[in-house]
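Q: Here is my input, please return the structure:
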Amino acid sequence: MAPHPASPTSCDKAALRRDALARRDALDPRIRRAGSLAVAEHALAVAGLADAPLVGAFWPIRSEVDPRPLIERLFARGRRVALPKVTPDGLVFREWRPGEALIAGGFGLSEPRDDLPALDPTALIVPLAAFDRRGQRIGYGRGYYDRAIARLSRARPVLTIGIAFSVQEIARVPAEPHDRPLDHLVTEAGPVPLSEDAL
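A: Predicted structure coming up:
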């Protein structure tokens, strides 16, 4: 169960999210573009990603790492890619192909068309606001990806890769029982070494 919005953990996460996003927003756009290209190269080297039959990715908003260079590289390797749509029941992933139009969704998102079938990715590229070296992340506060990872994992293991800029790292995410640690984290500097004992 999600905590009450005014709980100490939620308040801590809100402050950490705000600070990490401010650091991300402050990056020069040229740095973000170069960083997104570097993230694409590093992420593609994560074991299992380039072989995943269907990769769930996302379309960037605001100052996020742009996953489109990674998506292009996945297509070049013959992989299929699905993008999420926010629904009242959570995230639904639908296949997206190069050149297909996206539609405007809530929260400023670009989403696949509603008439496309829902599919379950075997790997997920996950956006985030902040992360630590235990693989914990702070999202945007609505829990969509935590619930999606939990749902997809009931059927089979799902490979999860968070992508971010290094300025989004924090010492420790105040994780809660519903939070799902990521399998991998990648920044423009390369893969982030993860350890449950990280401070």
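Q: Moving along the chain from the helix of greatest length in the chain, name the first helix or strand you hit.
A: Longest helix in the chain by number of residues, with DSSP state H as the criterion: helix 8-25. Next along the chain after helix 8-25, taking DSSP states H and E as the criterion, comes helix 29-44.
Q: what comes up buried for the following helix or strand past that next one?
A: Remark: after helix 29-44, the chain's next helix or strand is strand 54-56, criterion DSSP H and E. Within strand 54-56, the residues that count as buried by 16 or more other CB atoms under 10 Å are Val55, Gly56. In this view, the C-beta of every residue, glycine as well, is placed from N, C-alpha and C.
Q: in stretch 144-160, what's buried?
A: Going by neighbour count (16+ other CB under 10 Å), the buried part of stretch 144-160 is Tyr144, Tyr145, Asp146, Arg147, Ala148, Ile149, Leu152, Val158, Leu159, Thr160.
Q: quick one, the longest helix of the chain and helix 29-44 angle?
A: Per axes from the mean of the first three to the mean of the last three CA atoms, to 10 degrees, the angle that helix 8-25 makes with helix 29-44 is 110 degrees.
Q: Mind giving me the packing neighbours of helix 8-25?
A: Where contact means 3 or more CB pairs under 8 Å, 6 or more residues apart in numbering; DSSP states H and E, helix 8-25 is packed against strand 130-131, strand 137-138.
Q: next one: the first one to chain centre, how far?
A: Spelled out, that is strand 130-131. 11 Å (CA atoms, centre = their mean, to the nearest Å).
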